[in-house]
Every structure is written in structure tokens, then in C-alpha cells.
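> give me the fold of what follows.
(chains A and B)
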Amino acid sequence: MRNPFVMGCGEYRVNYMEDMAIYKIPRVRYRVFAIIAFFAVFPFLFSEYTVGLATLCGIAAIGAIGLNILTGFTGLISIGAGAFLGVGGYTSAILTTKLGLSFWIALPLAGVITALVGALFGIPSLRLKGLYLAMATLAAQVIILFVISRWDSLTGGTAGLVLERPSIGGYALYSDTGYYYLMLAVLLFTTIFAMNLFRSRVGRAFVAVRDRDVAAEVMGIDLFKYKVLAFAVSSFFVGIAGALLGHYTMIVSPELYSIQVSIEYLAMILVGGLGSVLGSIYGAVFITLLPVVLRSIIEILSAFFPDLGGVFAGLREVVFGAIIILFLIYEPEGLAKMWRNIKDYFKLWPFSY
Amino acid sequence: MTFFMQMLVTGIVVGSVYALVALGFVLIYKASDAINFAQGEFLLVGTYVCLTLITAYQIPFLAALAITLIFSAFLGFAIERVVLRPFIGEPVISMIMATIGLSSLMAGIVHIIWGHQTRVYPQIFPDTPVRLGEVVVSPVYLWSLIIVLILLVLFTLFFKYSKVGIAMRATADDQQAALSMGISVKMVFAVSWAISSVVSSVGGVLLGNINGVNSSLALIGLKVLPVALLGGLDSIFGAIVGGFIIGILESLVGGYLDPLVGGGLKEVVPFIVLVLILMFKPYGLFGKEEIERV
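Model (predicted):
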């Protein structure tokens, strides 16, 4: 029998099939099932408040995976994620409230319409790179928000729109627990889709574009097609996340999709790990929980320093900025890499040589 | 016609401040290929420091301004050394995120120290309006324009004739060649951050005198992007021209089109211009075109 305390101390792959496998060793399959099972019973173990937080984390993770497909895997920087989130949220809001469509039709439509808008703003990416593309997406952010806040007849202007929670067969998902399962299902689908995307031709083309786009073009990758496709796929998931978020908070309004949101999403994939699907989830959880944790720390400390409550907003920005900078300096590959380092350490433990 | 002239003058004054801030922005880009998303926060810090010196310590305006500028220079040095130095030669996204992180950090500190409410400078310039023909101009505007023009001329001379300025231009042109001629490229980076910080805080002080001081001043930091891009990211002359163009355009749109759409278009116009430039002339009016060969 295998000694349970000894980890596998090497990788023995003999063909490409094994190298591309999602479960690199059979044991991982059980671990993944165990993790999914844990999140399936999560609402029974924790309070309603915790489940609500988990739902927010999960929704952010869906958006972060979407953004990571674009920025992490294809190398196209986007500072417009917040606006695309807004497009998704507003599409779903307009379809369900003004046209009376069911949520289950509106959700995929929100994704599709956001994908179209994303592809539209992705067209300049053929000529623009790096800094220039970052600015183009920043312009997209400002212009989309302007349209949203001025098109009163459709979007309700600055006041926004009020949404309802979806229902399945007469059972409305009013409780946080019900919505949690909806989020979990979408998150699982997104994760599996994204992981498999990068085992396919399209996904590998994305990575090739990131690594050196001219070389990729020489090898027969149609740059324009794949760059626009990356924008579309990425925006699809961001749009889905936006729709889910809109129906969860039950309101959409322009200030929920400001440039700060875009920056938060960029921070998520950066802290989690650029070009890592699981990293996007870690990062989303980290950034979403950051203000919550910070607030509870402040509440504890304000027993000693009573003035501390007033500086929460400022302190949050300071910590947020500091974390981005520290991660960039000390672990540019993010939490995903940290986790891998820990695993690699224990792979050879206790004889790490 | 008077209305048009009024809008034009406002545009020129605001545009001159844009030109000044964009100058700092382009300077950093030229020297170290970094886009500084924290430019607006430099402006914010500068104006708040100056305001505090005047109101809390009762220092006369010019002395306070001088202290502010020295402080800003050191701030620029320090930030370049602590935050930006590790990112030299890193991918573009690291650099962008580093400056975005920096902007959040600085904005947070400003909010903690000075709070959120709008403050106003005490009366510094006389408030009897000046008449230029049929146009009425407030002296604050006039003084701002004069100060900015003086600074722009000073910096042009600085880049043309001073040793440091020539070193900066050499570094922007070819880093390796500059290094082998004995120019300390690190020093050049530090100086460009310091100058950038100084010009931004001058811009901040002037805008603070015109509109009052609150954290929305930092939005100028984003507006500088279209300005710099219009002129060409690596052209100082372009930044100045771009600043005036965007300022005037913004003011005219604010005067004529905003009432039609219900406001807000003024803030968006620079970004529409940005998209148009990116589509048709990505290297701006005076920028150097990069050609990629395999």
C-alpha cells in the first residue's frame, strides 16, 4: 500500500494526451469532487450572510474568469470590464422588465449582447497594442457609461432600473441559498468551459497571440479573428456575471459600473494570477472579501481608536492599492503561483533536494 | 458671438492646465515608457498641500507654492524610487497596474488626511473681472494662463539648453546610447518623475483656485490620456497643442451641445476624440510612428 504521507515526487508523462489532461493524476479527480461537494453543502454549514458573501465572490469569479481569458490568456489589456458588466446587467434588466422575457432567456441573451458590444470595441485591437489598447478600452468604459446614464427611455437614466429575482417552476430564488446554487452552477460551467477552452485550438491560438502576435500570424492564426473572438468570449462571461449581479442586488444603476469596478476586476486577475483559470477564482474571492475583512478589523480596532470608523473608505483604497503594488513586486504570478509553490514544496518534503 | 468668445477663453485656460499636466505625463512616457495613471493624484496631493500651508499655517501664497513644489519634487523622487523602479523593463500590464495601484494608494491617503468635502482657496487673485474687448475674464483665469505659459517656455528652454534636459532627451531617444555616454538613466527617470509631479501640482493649485478643491480633481489624470494621445504620446510639443485643443473642444461642447443632451457630454468628448485618434491616427499629431518588423 502507498504511504499516504508521501506525495508523488515527479511527473511521468509519456504522451501529449496526458500532458493536456485536466486531472493530471487520478487522485486530483477525487479532490475536485470533494471540493465541489463541499461547496454544494456550503449553505447548510454557514449563515445566510456568509452564503450571500460567497454568492458575491462567485459572481465576481465568473467575471474575473471572463476578463482573464482576454487579459491573462490573450494578452489584451482591458480597463473596460466594469462597463461590460453594466451592459450585461442592463440587458437582462431591460429584457426582463420592459419586454417581460423570462430570466432564463434573458441571462444568455445578456451574455450574447455583451459579447457583441465587446467584439465591437475589440475591433481596434488589431492595430493597437499594450498601452494604446488600454486607452481604447478606457474610452469604451467612459462612452458606454455615458450612453447608459443618458438613454433615459431605455435605461432609466441615473436612477437605474429595479429587477426581480428569477424563479424556477414557481419557486422564486428569493433566499440567498437559492441564488447561491444558481451562481454555483454558472460558475462551474464557466470554469469547466474556460479550462477546456485552453486545451482546444482556439484557446491555444489565444495564448500564441499573447506570446508573440506576429509569430502567431506567421503560423497561420488569423489575428483579427482571434482577437475579436477573445473580446467576444471574454465579454460573454463578463456580461453573464453582470446579469447575475444585477438580479442578485435587484438594481442596476450607472454608478455600480464605474471605472473603479474595472480596476477591481483587473486587480482580481492580477492578484489571482494572469493566465490561470483557478487563479481568477482565488483573486475574485480575495478582492471581494478584502473590504469585508478590513471592516471587521477596523471594528475591532475602533475600540481603541474611536476615530478609525471615519477613515474606512480611504483606508480601503490605500490597502487595495498597496496590495496591487506588493503583488506586482513580490509575486507577479499571483495567488495561483503561491499555491503551486506550496504544493511543489510539499511534493519533495521532507527532503527538498 | 460673446458667448462663443467666453467659451473659447475658458477653454484656453482649462486647456493650458491640461497642457501642463500632459507635459508631465509625456515626460514620464518618453523617459521610461510608463503610462502614469496616478497623474491626477499628484495633482490632488499638490493642491491639498498648498491649501493646507495657506489656510492652516498662514503662509503667503507664493511661499506656499514654492514649498509645495519642493515637496512635490521629493514626492516624485520617492515614488519613482520605491514603487516604479522595480518595474523597469517589465511587461506593459505590470506598469499600468502599478500606477493604477499607486493612484488608489495616493487617493486613499488624501481621503484619510483631508476628507471628501470641497474646500476653497482664500482669495489670492483680485476678483474684479478684466475686460478684453467684449469678453469678461476673471483674473484667476488670466493669471493661470500666464503662469502656465511661463512654465511651458521655461521647460522648453530647460530641455533645449540645460545639461539635465539634454540628458533626458538623449535617454528618450536611445537608452543604450545614453548609458554608454555616461548618462545615468536612473537619474533621468527620477528627474522626470520629479518634474512630472511638480508640473501636476502647479496644475492642481491653479485648478483649485478656479474651481475649489475636492477629490474629483483627480479625474484630470484620466483626461490627460486623450490630450497626450492627440498630440502623440512621445511629443512634448504635441502635449501642449493637444492640451489646448481638448480644452477648447471640451468648453465649446459644454457650452453648445450639453444643453441639448442634458449635460455630461463635456466629460465624454475627450474620450470620443481618443477613440477617433486611435482608429485613424494612433500616433497622434506629432508622435513618432513605430514600425514593427519581424
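> got a list of what residue B:41 touches?
Residue B:41 makes contact with B:102-103, B:106-107, B:110, B:218, B:221, according to CB atoms under 8 Å, 6 or more residues apart in numbering or on different chains. C-beta here means a position set from N, CA and C on the backbone, and glycine is covered the same way.
> now residue A:254
Residue A:254 makes contact with A:86, A:145, A:148-149, A:158, A:160, according to CB under 8 Å, 6+ apart.
> do you have the helices of the stretch 1-150 of chain B handy? List them.
Assigned by DSSP state H, counting those that start in this stretch, the stretch 1-150 of chain B shows helices spanning B:2-32, B:39-57, B:61-79, B:92-114, B:139-161.
> ok, which of those helices comes nearest residue A:46?
In terms of CB to CB, the element of these nearest to residue A:46 is helix B:92-114, at 30.7 Å.
> any idea how far that closest one is from the chain center?
Relative to the centre of its chain, helix B:92-114 is centred 16 Å away, using CA atoms, centre = their mean, to the nearest Å.
> I'd guessed residue A:227 sits against residue A:74; true?
Yes. Judged on CB atoms under 8 Å, residue A:227 makes contact with residue A:74 at a distance of 7.1 Å.
> okay, and the common contacts of these two?
Common contacts of residue A:227 and residue A:74 (CB under 8 Å, 6+ apart): residue A:209.
> circling back: can you list the helices of the stretch 1-150 of chain B in JSON lines and add mean pLDDT?
Shown next, in JSON lines, are those (pLDDT from 0 to 100):
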{"stretch": "helix B:2-32", "mean pLDDT": "85"}
{"stretch": "helix B:39-57", "mean pLDDT": "89"}
{"stretch": "helix B:61-79", "mean pLDDT": "91"}
{"stretch": "helix B:92-114", "mean pLDDT": "88"}
{"stretch": "helix B:139-161", "mean pLDDT": "85"}
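> closest to residue A:132 out of those?
That would be helix B:92-114 among the helices of the stretch 1-150 of chain B, by CB to CB, at 9.7 Å.
> buried set for that closest one?
Using 16 or more other CB atoms under 10 Å in any protein chain shown as the test for burial, helix B:92-114 gives B:92-112, B:114.
> repeat that for stretch B:145-165.
By neighbour count on 16+ other CB under 10 Å, the buried set for stretch B:145-165 is B:145, B:147-148, B:151-152, B:155, B:159, B:165.
> hmm, back to that, keep only the contacts of residue A:254 that also lie close to chain B.
residue A:149 (CB under 8 Å from any CB of the partner chain).
> among the contacts of residue A:254, which ones are buried?
Using 16+ other CB under 10 Å as the burial test, the contacts of residue A:254 include A:86, A:145, A:148-149, A:160 as buried.
> residues in the stretch 51-200 of chain B within reach of chain A, list them.
Residues of the stretch 51-200 of chain B lying near chain A (CB under 8 Å from any CB): B:83, B:86-87, B:90, B:92-94, B:96-98, B:100-112.
> could you rerun that using 7 Å?
For the stretch 51-200 of chain B, the residues in contact with chain A (CB under 7 Å from any CB of the partner chain) are B:83, B:86, B:92-94, B:96-98, B:100-102, B:104-105, B:107-109, B:111-112.
> so where's the stretch 201-350 of chain A shaky on pLDDT?
Counting by pLDDT under 70, the stretch 201-350 of chain A contains low-confidence ranges at A:309.
> quick one, strands of the stretch 251-353 of chain A?
For the stretch 251-353 of chain A, strands defined by DSSP state E, counting those that start in this stretch occupy the ranges A:251-252.
> for the longest helix along chain A, which positions count as buried?
The helix spanning the most residues in chain A, taking DSSP state H as the definition, is helix A:223-249. Applying a neighbour-count criterion of 16+ other CB under 10 Å, the buried positions in helix A:223-249 are A:223, A:226-248.
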